[in-house]
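Novice: Predicted structure and sequence below. I'll ask about it afterward.
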Amino acid sequence: MSDYQFCPRCATRLAPRTDPEHEGGRIRMACPDTSCGYVHWDNPLPVVAAIVEYEGRILLARNAAWQEGMFALITGFLENGETPEQGIAREVLEETSLRAESTELIGVYEFIRKNELIIAYHVRASGTIALSPELVEYRLVEPAKLRPWRAGTGQALGEWMRRRGLPFEFVERPGQ
């Protein structure tokens with residue numbers, strides 16, 4: 001359940017609400033003020049992810065908040081008013097300074113632990129890599145040497161490799 005404690009409309013303390021008839025028995029945080037009617041649905045957030053292909057290799061990056069040696073795909077939240085394709089091109093540009101030349105949908109994956117829905121793409125990109133302050137380092141990996149992880153974006157990476165006939169085994173990552 002979310003961390004919401006107060007109604008964003010009227011500032012009344014939210015209370016748990018269950019409506020078995022309309023919401024399948026799910027507990028939702030709702031404003032008890034009937035004139036307000038706010039319900040925090042706590043639906044998954046749409047996230048876009050990119051398997052960035054750059055000069056024949058795949059770019060993996062390390063977020064500044066992550067432990068050393070942990071690398072992943074380029075990801076970000078979908079913004080209001082943009083398509084997933086526009087969102088992933090924007091994220092790749094913002095985080096790596098690379099321009100998306102093409103995007104191909106890989107699939108949609110749940111990431112329940114973070115309440116996210118991941119829309120994953122293979123992005124062929126060009127330009128000169130320059131990381132955003134959010135990222136501290138990157139690696140360019142030959143596709144056959146990739147080691148997908150079991151959760152979230154790792155599932156997309158495994159699917160991308162499978163479609164290309166590349167052998168792989170899922171590896172465990174810290175925190176999984």
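Specialist: Nice, thanks for sending it over. None of the values given here were measured: they were computed from a predicted structure.
Novice: any chance you could map the strands in this structure?
Specialist: Secondary structure of the chain by DSSP state E: the strands cover 15-18, 27-30, 39-40, 45-54, 57-63, 74-77, 99-111, 116-126, 135-141.
Novice: quick one: the helix or strand of the chain with the lowest mean pLDDT to chain centroid distance?
Specialist: Lowest by mean pLDDT, DSSP states H and E among the helices and strands of the chain is helix 20-23, with a mean of 71. On the basis of CA atoms, centre = their mean, to the nearest Å, helix 20-23 sits 29 Å off its chain's mean C-alpha point.
Novice: Which residue ranges make up each domain of the chain?
Specialist: Listed by automatic domain parsing, the domain ranges of the chain are 1-42, 45-163.
Novice: before we move on, back to that, among the strands of the chain, which is nearest Thr153?
Specialist: strand 45-54 (4.6 Å; CB to CB). For glycine as for every other residue, the C-beta is placed from the backbone atoms N, C-alpha and C.
Novice: What confidence value was assigned to the most centrally placed residue in the chain?
Specialist: When CA atoms, centre = their mean is applied to the chain, the residue found nearest the centroid is Val47 (3.7 Å). pLDDT for Val47: 96.
Novice: my read: Thr153 touches Phe71, true?
Specialist: No - with contact defined as CB atoms under 8 Å, Thr153 does not count as touching Phe71 (11.0 Å).
Novice: So between the two, which is more surrounded?
Specialist: Ranked by neighbour count (other CB atoms under 10 Å), Thr153 and Phe71 place Thr153 first, with 22 against 17.
Novice: Which strands or helices does the least confident helix or strand of the chain pack on?
Specialist: With contacts defined as 3 or more CB pairs under 8 Å, 6 or more residues apart in numbering; DSSP states H and E, helix 20-23 has no helix or strand neighbours.
Novice: hang on, the earlier thing: what's the least confident stretch among the domains of the chain?
Specialist: domain 1-42 (a mean of 85).
Novice: what about Arg99, how many neighbours?
Specialist: Other residues close to Arg99 by other CB under 10 Å number 13.
Novice: Glu166 against Ala144, yeah?
Specialist: For residue 166 the amino acid is Leu, not Glu. Yes - at 5.4 Å, Leu166 and Ala144 qualify as touching, with contact defined as CB under 8 Å.
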